[in-house]
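**Q** Show me how the following folds:
(one chain, ligands or ions: 2)
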Amino acid sequence: MNERFQNMNVLIVGSGGREHAICRAFRDSKRVNRVYCANGNAGIAEIAECVAIKPDDVAGLAAFAEQNSVDLTFVGGETALALGIVDEFQARGLRIFGPSKAAAELEASKSFAKDHMSRHGVPTAAYAVANSPAEAVALLESGRFGDEATPVVVKADGLAAGKGVVVAADRGEAVAAVNDMAELVGADAAETIVLEECLVGKEVSLLMFASGGEYALMPAVRDHKRIGEGNTGPNTGGMGTFTDDSLLTADELAAIEAAIVVPTLKGCVADGYPFLGILFIGLMMTAAGPRVLEYNVRFGDPETQSVLVRLETDIADICDAVIDGEIGDLAIEWRRGSSACVVLAAANYPAKPIIGDAIIGISDAESLDSVTVFHAGTARNADGEFITAGGRVLGVTAVGNGLDDALRDAYAAVERISFAGMQFRRDIGR
Ligand code: AMP
Ligand code: GLY
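**A** Residues are numbered from 1 along each chain as shown. Ligands and ions are numbered 1, 2, ... in the order given. Model prediction:
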């Protein structure tokens, strides 16, 4: 398998901290020559050649891959996958890692995902699909989701960059969420609305390399979505993540594989959209057992930063195994222990972030052995200094023999970095 491509040219699609971590994994590959990244950021530019093509310009990306002898393309985010970048590349004979447009519907449409779970007996929250706001309100008022005081979750069907989910404390809030959804996420994403029973428990995410019915799990990971310590304030793209064996016991993991992972992947095969790529399952560990909250069809951001710092196997070998249907035969090695990623965000994030401020101390932070600083929203100014260029600016990531070690080193590195208005949570991993 490994002999097929040496000196590979790879193209990574995306521009955030997730893509910086993916680029680094390919840079570390023994089989990779050039790493291109579209669009990239100032940190990615240190290790890859950035090209100015947006993720939604599928034809432009394919033309670039053809013209630059790209041997493998790896897609970071959901936008291009939902647009069918994998189908387009394959039609042109280009090798690409990721799910087809049909399989990407598991993320692009929440009703599609719920129907998939329902057909294949995958445990998840009870739900109903409404085809208009009026229908959603009528469903709420019918009492199907409990009385007026019962919490209920309101979700826009389509892709909404993390903004399409409202956990409503009671029916009044749920009705308001339904009525506000189009304004929040745009009319298209909110045309169909999914209502769900509100589940209670601890949340954990399980990612895997998947290839048809075969898969290889990554270390379980937890993210912290709210801007404020103690899970307060508005939702963000993610303020930090960690991996640690304590997230799931061996018994819990076995139960999740049997009840959720296997039927999900076998269901994709049976229904004619076999899943190849990274499947990310968001889970709630309820008193009645694990329940699926959502599927994503890609790496998470900032989950990837915490996960990939522990990957020891060559990522190019993993991509080949997934694409060629051999993932069940590859032993993937992970560094033992734990990891943590603390996101440093710009002032005023997650509203309109204030950008353009000089960032000090990145190389000082990276001089700590266990630490890697991934760039998300960064650029360089005319003097060549790193400046803030987005809401989430950096992901300061450390590995450790245990979670305490990883957190200690990540926060020690954070102390060395500063920019005007820098925000971060001090309770990641706690
Ligand atoms: P999703 O994008 O579907 O994962 O939803 C985003 C977040 O909303 C999840 O990470 C959970 O914290 C919360 N959430 C989603 N669905 C439910 C549910 N059925 N019950 C409770 N919380 C939920
Ligand atoms: N951090 C959540 C996601 O990438 O979807």
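**Q** I figured residue 420 was touching residue 347, is that so?
**A** Yes: taking contacts as CB atoms under 8 Å, residue 420 lies within contact range of residue 347: 6.6 Å. C-beta coordinates here come from the backbone N, C-alpha and C atoms, glycine included.
**Q** Between those two, which has more neighbouring residues?
**A** residue 347 (16 against 12; other CB atoms under 10 Å).
**Q** The more buried one against residue 354, yeah?
**A** Yes: using CB under 8 Å, residue 347 is in contact with residue 354, at 4.4 Å.
**Q** which residues do those two both contact?
**A** Common neighbours of residue 347 and residue 354, using CB atoms under 8 Å, 6 or more residues apart in numbering, are 420, 421.
**Q** on that earlier part again, pull up the overlap in contacts between residue 420 and residue 347.
**A** Joint contacts of residue 420 and residue 347 (CB under 8 Å, 6+ apart) are 354, 357.
**Q** What helices and strands are in contact with the helix or strand where residue 342 lies?
**A** For residue 342, the element it lies in under DSSP states H and E is strand 338-345. Packing partners of strand 338-345 (3 or more CB pairs under 8 Å, 6 or more residues apart in numbering; DSSP states H and E): strand 240-243, helix 303-308, strand 392-400, helix 403-415.
**Q** continuing past it, what's the next helix or strand?
**A** Taking DSSP H and E, what comes next after strand 338-345 is helix 362-366.
**Q** what's the average pLDDT for that next one?
**A** Average pLDDT, helix 362-366: 98.
**Q** got the residue ranges for the helices in the stretch 101-250 of the chain?
**A** 101-108, 110-119, 133-141, 171-185, 250-256 (DSSP state H, counting those that start in this stretch).
**Q** can you put those in a markdown table and add mean pLDDT and mean neighbour count?
**A** As requested, the helices of the stretch 101-250 of the chain are arranged in a markdown table below (pLDDT from 0 to 100; neighbours: other CB atoms under 10 Å):
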| stretch | mean pLDDT | mean neighbour count |
| --- | --- | --- |
| helix 101-108 | 97 | 22 |
| helix 110-119 | 96 | 20 |
| helix 133-141 | 92 | 17 |
| helix 171-185 | 89 | 18 |
| helix 250-256 | 97 | 14 |
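**Q** which one of the ones you listed lies closest to ligand 2?
**A** helix 101-108 (8.7 Å; CB to the nearest ligand atom).
**Q** For that closest one, C-alpha coordinates in PDB please.
**A** The C-alpha coordinates for helix 101-108 follow below in PDB (Å, rounded to 0.1, in the frame of the first residue of the first chain):
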ATOM      1  CA  LYS A 101     -22.200  14.300  -1.200                       C
ATOM      2  CA  ALA A 102     -24.800  11.600  -0.400                       C
ATOM      3  CA  ALA A 103     -23.000  10.500   2.800                       C
ATOM      4  CA  ALA A 104     -22.300  14.100   3.800                       C
ATOM      5  CA  GLU A 105     -26.000  14.600   4.200                       C
ATOM      6  CA  LEU A 106     -25.500  13.000   7.600                       C
ATOM      7  CA  GLU A 107     -24.300  16.400   8.600                       C
ATOM      8  CA  ALA A 108     -25.800  18.700   6.000                       C
END
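**Q** okay, the angle between it and helix 110-119?
**A** 100 degrees (axes from the mean of the first three to the mean of the last three CA atoms, to 10 degrees).
**Q** which helices and strands does helix 101-108 pack with?
**A** By 3+ CB pairs under 8 Å, 6+ apart, helix 101-108 packs against helix 78-83, helix 85-91, helix 110-119, strand 276-286, strand 289-296.
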